[in-house]
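K.L.:
Below is the sequence, then the predicted model.
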Amino acid sequence: MGEDAAATASESGTDGVSVLARDVMVPMGKYPAVTVNDSLADTARTLSDWHIDMHGSVSMPRIVLVMSEDGDLVGIVRRRDILRGLAPSFLVSSVSDHPETMFDVEIDPNLTELLSHRAEEKLRAKSHTPVGEIADPIPTTVHADDPLIRVIQEMVGHDQSLLPVIEEHHVVGVVRTVEVLKTVSDMLAPEPADGGAD
């Protein structure tokens, strides 16, 4: 079914059992991935330059897959993770759950202007950090033959907007909320009124 999954689901009146993860996924060749040793600068460029064209709709990815040197999926990195990884520590508030932490002091925004030259130097230095150091682990995956309702269950249950799709122990693509929502929307569209027979 592939790119015509949503249209097929709508036309045939199928439900979330008939449409599979493979039908709504972005194939690996169309989705950005980096390796654990790629730098934050390289990862930022990859996300900035990549565009995904699905069903005539073009979008920029918000998440990049992080792979081992052997091609195994080890984590994901979001845009904000890259920015956090690049930001100099003296400009980023630290979060502490320690009971003796008495004050939650925000960084003075004026520091950015006062220390902009130093901040740029630090940013450039941190840009060489391997992306594997800031990658988040994958909380869950779905199989290519899992029904759409299972995909939705995993997304909602794990609060994820993207799930890697596995087939024969390899990542073959990703499912994003944008494609899932489009497919569900098409499924729930009112059926055209029958004009009646002549």
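P.N.:
All right, it came through fine. Computed from a predicted model, the values in this text were never measured in an experiment. Residues are numbered from 1 along each chain as shown.
K.L.:
ok, the residue minimising distance to the centre of the chain - contacts?
P.N.:
Central residue check for the chain by CA atoms, centre = their mean: the C-alpha nearest the mean position is that of I63, 3.5 Å away. For I63, the contacting residues are 76-79, 161-162, by CB atoms under 8 Å, 6 or more residues apart in numbering. Just so you know, the C-beta spots here come from the backbone N, C-alpha and C atoms, and that holds for glycine as well.
K.L.:
what about the helix or strand where V156 lies, distance to the chain center?
P.N.:
Taking DSSP states H and E as the definition, V156 sits inside helix 148-157. Here helix 148-157 is found 15 Å from its chain centre; the criterion is CA atoms, centre = their mean, to the nearest Å.
K.L.:
Give the pairing partners of the helix or strand just after that helix; include direction for each.
P.N.:
Once the chain leaves helix 148-157, the next helix or strand it forms, by DSSP H and E, is strand 162-167. Paired strands of strand 162-167, with direction, are strand 142-143 (parallel), strand 170-176 (antiparallel) (DSSP bridges).
K.L.:
distance between strand 162-167 and the chain's centre?
P.N.:
Mean-position distance between strand 162-167 and its chain equals 11 Å (CA atoms, centre = their mean).
K.L.:
can you pull the buried residues of it?
P.N.:
Using 16 or more other CB atoms under 10 Å as the test for burial, strand 162-167 gives 162-166.
K.L.:
what's the answer for stretch 174-184, then?
P.N.:
By neighbour count with 16+ other CB under 10 Å, stretch 174-184 contains the buried residues 174-180, 182-184.
K.L.:
Relative to I152, which of those is nearest.
P.N.:
Of all these, I152 sits closest to V180, with 6.4 Å by CB to CB.
K.L.:
and the helix or strand harbouring that closest one, what other elements does it pack with?
P.N.:
Using DSSP H and E, the element containing V180 is helix 177-188. Judged by 3 or more CB pairs under 8 Å, 6 or more residues apart in numbering; DSSP states H and E, helix 177-188 is in contact with helix 5-12, helix 21-24, helix 148-157.
K.L.:
could you redo the last one with a cut-off of 10 Å?
P.N.:
Contacts defined by 3 or more CB pairs under 10 Å, 6 or more residues apart in numbering; DSSP states H and E place helix 177-188 against helix 5-12, helix 21-24, strand 52-54, strand 57-59, helix 148-157, strand 162-167.
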